[in-house]
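**Student:** I'd like to go over a predicted model; first the sequence, then the structure.
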Amino acid sequence: MSYVSEVPAASPEEAASHFFRRLSVETDCADVHHAITHHEQDFVLLHVVGSAQTFAHCHLPGALHLPHSMMTAERMARWPADTLFVVYCAGPHCNGADRAALKLARLGLAVKIMIGGITGWEDEGYTFASGESEAAF
């Protein structure tokens, strides 16, 4: 018996429930890229870590720079209540997107993390944007 099969697999129903829950709180670089490039972006993309200078140097196209430390109920109320936010950070070694997602969820907002962050975006070979694009408050 291998380590793989030592713990029995979940039932198909349990697995379906698990993966549905997981997909309800995360998305990936390919799905975000597809939405952006096919004009299907139905979410606000937030770059949630780093300085304005770092953001201006390199970020995902269409993203707004709003560090998780600056997210407040007042700031977020400027978007419609049913807005879906997709947050990303530097990559798997960074928990800034988790912090932002937690903060947004606690504010009662819909949120998903883009797994992989900037590292994942680069790994996929997608292009980056540069220049100022901060959330105007």
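**Tutor:** Sure thing, it's come through.
**Student:** dump the helix or strand bottoming out on mean pLDDT in the chain to CSV, keeping only the CA atoms.
**Tutor:** For the chain, the helix or strand with the lowest mean confidence is helix 52-57, at a mean of 92 (criterion: mean pLDDT, DSSP states H and E). Only the C-alpha atoms of helix 52-57 are listed here, as CSV (Å, rounded to 0.1, in the frame of the first residue of the first chain):
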residue,chain,number,x,y,z
ALA,A,52,2.7,52.4,-5.2
GLN,A,53,6.1,52.4,-6.8
THR,A,54,6.3,48.6,-7.0
PHE,A,55,2.8,48.5,-8.4
ALA,A,56,3.6,51.2,-11.0
HIS,A,57,6.6,49.1,-12.1
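**Student:** okay, and for this structure, where does confidence drop off?
**Tutor:** Applying pLDDT under 70 to the chain flags residues 133-137.
**Student:** tell me which stretches of it form strands.
**Tutor:** Assigned by DSSP state E, the strands in the chain fall at 26-28, 44-47, 64-65, 84-88, 110-115.
**Student:** tabulate these in CSV, adding columns for mean neighbour count and distance to residue 77.
**Tutor:** Every residue, glycine included, has its C-beta placed from N, CA and C. Formatted as CSV, the strands of the chain follow (neighbours: other C-beta atoms under 10 Å; distance: least, C-beta to C-beta, whole Å):
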stretch, mean neighbour count, distance to residue 77
strand 26-28, 18, 24
strand 44-47, 23, 13
strand 64-65, 18, 15
strand 84-88, 24, 13
strand 110-115, 21, 14
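**Student:** tell me which of those strands lies nearest to residue 9.
**Tutor:** When the strands of the chain are compared by C-beta to C-beta, strand 26-28 sits nearest residue 9, at 21.7 Å.
**Student:** quick one: that closest one to chain centroid distance?
**Tutor:** Centroid separation for strand 26-28 versus its chain: 7 Å, with C-alpha atoms, centre = their mean, to the nearest Å.
**Student:** what of stretch 102-110?
**Tutor:** With C-alpha atoms, centre = their mean, you get 13 Å for stretch 102-110.
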